[in-house]
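Colleague: take a look and give me a structure for this.
(2 chains)
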Amino acid sequence: MEDQLVDFLRVKRDHPARPVIDWQWRKATWIRTVESLYALVREMLRDSIASQDVTVRTFDAQVTEDFVGTYSIPVLEIEAGGERVEFRPKGITVVGASGRVDIRGERDTVTLLADQPEVNTRWTVVLQRVPHLKAAQLDRESLKYALERVMLPLP
Amino acid sequence: MTLLLEPQGDPNIDSVWTWFEFQIALISQSRSDVLRSISPCRSPVGAALRSHEARFFGFTQTEVEEFFEAQRGELELLTMFELLATTEAILRIEVKARVTARKKDPLSRRFRELARGGGDRIRLDEDILGAMKEDGVSANIIAAFRGALKLRHWLAHGRHWHPKLGRGYAPSDVFDISRALIQSIPA
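Modeller: Next up is the predicted model:
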């Protein structure tokens, strides 16, 4: 019986039900993916940054996730008209996507999702979850929509 | 879908409990399905999600668990309400049956007096439970059900105030209280 138990556990080790994930590699890739996102956002905001309509900075924050543990990852902060908006990474263990960054403003939060576990992934903006999912690829138009939604309305 | 609303001829708290257990199992299954979809090896965004699971798109495990915990909480409240409402229906049907049958036992006589005096406006607490208590049904059983009626009142009116119930209730508590009362109805 003991041999059968040993055999069983060895087979389980050699044939895992799910692929074995290198979480440290995933974490390192995720941090670079987020940095790549910030570069993309900075590029989209290039003219506004140049004209000093917005200021952009990054700082580190701690994120804790199952499997991955606690790690440090940059947050992007945009300031416009005295109002701050943060791009806050939530993590890689999320439903239906390879990573999530929340765009948090003073009014609301919009979710950004990484399509692939790759540094140069495309990003999806969740416009609406219910009653039907509406999402759009991140571009200047969807970024404007996201910022309008999370920031206080214009007077 | 518009439901055809008909009287429930044979209300039964066991049926309510079966429904509750089935719903709990569905919630548990759905929770497992959604949590399984949390994988770092995904293909296109949302591809593995079924349409009714789209609301979880991008949720973290904690958020998923909070969502399903809230669903379970709502189900438990609704179940407790349904158990108490069904118990009331059982009692009212019992009153009507005894009045109609013109039984001679003391409880049936009390119910007949109530029917003569109050007609359709026989009150659950003061009239029916009061008559059962006078007839010798355990004061503890009556008191436990009366306590649970405060819960029903709170649920039926949209839970817009902080209830002073004197104790906490789980569906199993309300089921036991209701069953004890139903089983204590004298033959």
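
Colleague: how near is the residue of chain A at minimum distance from chain B to residue B:26?
Modeller: When scored by Cβ to the nearest Cβ, chain A has residue A:133 as its residue closest to chain B, at 3.6 Å. Placement of C-beta: from N, CA and C, glycine included. In this view, residue A:133 and residue B:26 are 21 Å apart by Cβ to Cβ, to the nearest Å.

Colleague: these two - which one has more neighbours?
Modeller: residue A:133 (18 against 12; other Cβ atoms under 10 Å in any protein chain shown).

Colleague: can you verify my assumption that the more buried one contacts residue B:52?
Modeller: No: with contacts counted by Cβ atoms under 8 Å, residue A:133 stays clear of residue B:52, the gap being 10.3 Å.

Colleague: now do the contacts for residue A:88.
Modeller: Residue A:88 makes contacts with A:61, A:75, A:101, A:102, A:103, A:104, as judged by Cβ atoms under 8 Å, 6 or more residues apart in numbering or on different chains.

Colleague: of those, grab the buried ones for ChimeraX.
Modeller: Buried residues among these (16 or more other Cβ atoms under 10 Å in any protein chain shown), as a ChimeraX selection:
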select /A:75,101,102,103,104
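
Colleague: name the nearest of the contacts of residue A:88 relative to residue A:125.
Modeller: Checking the contacts of residue A:88 against residue A:125 with Cβ to Cβ, the nearest one is residue A:103 at 8.3 Å.

Colleague: state the distance from the closest one to residue A:30.
Modeller: For residue A:103, the distance to residue A:30 - Cβ to Cβ - is 17 Å.

Colleague: can you check residue A:9 too?
Modeller: Applying Cβ to Cβ to residue A:9 and residue A:30 gives a distance of 31 Å.

Colleague: ok, now residue B:144?
Modeller: In terms of Cβ to Cβ, residue B:144 sits 55 Å off from residue A:30.

Colleague: returning to that earlier point: can you tell me which of the contacts of residue A:88 are in strands?
Modeller: A:61, A:75, A:101, A:102, A:103, A:104 (DSSP state E).

Colleague: just flag the most distant two among those residues.
Modeller: A:61 and A:103 (14.4 Å).

Colleague: just the buried residues of whichever strand or helix holds residue A:36, please?
Modeller: Using DSSP states H and E, residue A:36 maps to helix A:23-44. Applying a neighbour-count criterion of 16+ other Cβ under 10 Å, one finds A:23, A:26-27, A:29-31, A:33-34, A:36-38, A:41, A:44 buried in helix A:23-44.

Colleague: of these, which is the nearest to residue B:107?
Modeller: Nearest member of those to residue B:107, counting by Cβ to Cβ, is residue A:23, at 68.2 Å.

Colleague: nearest spatial neighbour of residue A:91, skipping sequence neighbours?
Modeller: Among residues not flanking residue A:91 along the chain, residue A:65 sits closest, at 4.3 Å (Cβ to Cβ, 6 or more residues apart in numbering or on different chains).

Colleague: what segments of the chain are helices?
Modeller: You didn't pick a chain, so chain A it is. A:2-14, A:23-44, A:46-50, A:140-150 (DSSP state H).

Colleague: wrong one, I was asking about chain B
Modeller: B:13-36, B:61-101, B:106-118, B:130-134, B:139-156, B:171-183.

Colleague: reformat those as JSON lines; add distance to chain A.
Modeller: Converted to JSON lines, the helices of chain B look like this (distance: least, Cβ to the nearest Cβ, whole Å):
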{"stretch": "helix B:13-36", "distance to chain A": "6"}
{"stretch": "helix B:61-101", "distance to chain A": "6"}
{"stretch": "helix B:106-118", "distance to chain A": "47"}
{"stretch": "helix B:130-134", "distance to chain A": "47"}
{"stretch": "helix B:139-156", "distance to chain A": "25"}
{"stretch": "helix B:171-183", "distance to chain A": "27"}
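
Colleague: quick one: closest of these to residue A:91.
Modeller: Using Cβ to Cβ, these put helix B:61-101 closest to residue A:91, at 9.1 Å.

Colleague: angle of the closest one against helix B:171-183?
Modeller: 10 degrees (axes from the mean of the first three to the mean of the last three Cα atoms, to 10 degrees).

Colleague: follow-up on the earlier one: so who does the residue nearest to residue A:91 touch?
Modeller: A:91, A:92, A:93, B:60.

Colleague: what's the closest of the helices of chain B to residue A:124?
Modeller: helix B:61-101 (17.3 Å).

Colleague: how about low-confidence regions in chain B?
Modeller: Along chain B, the model assigns pLDDT under 70 to residues B:39-51, B:118-120.

Colleague: got the contact list for stretch A:45-60?
Modeller: Here stretch A:45-60 has contacts from A:38, A:41, A:42, A:72, A:73, A:74, A:75, A:76, A:77, A:78, A:79, A:80, using Cβ under 8 Å, 6+ apart.
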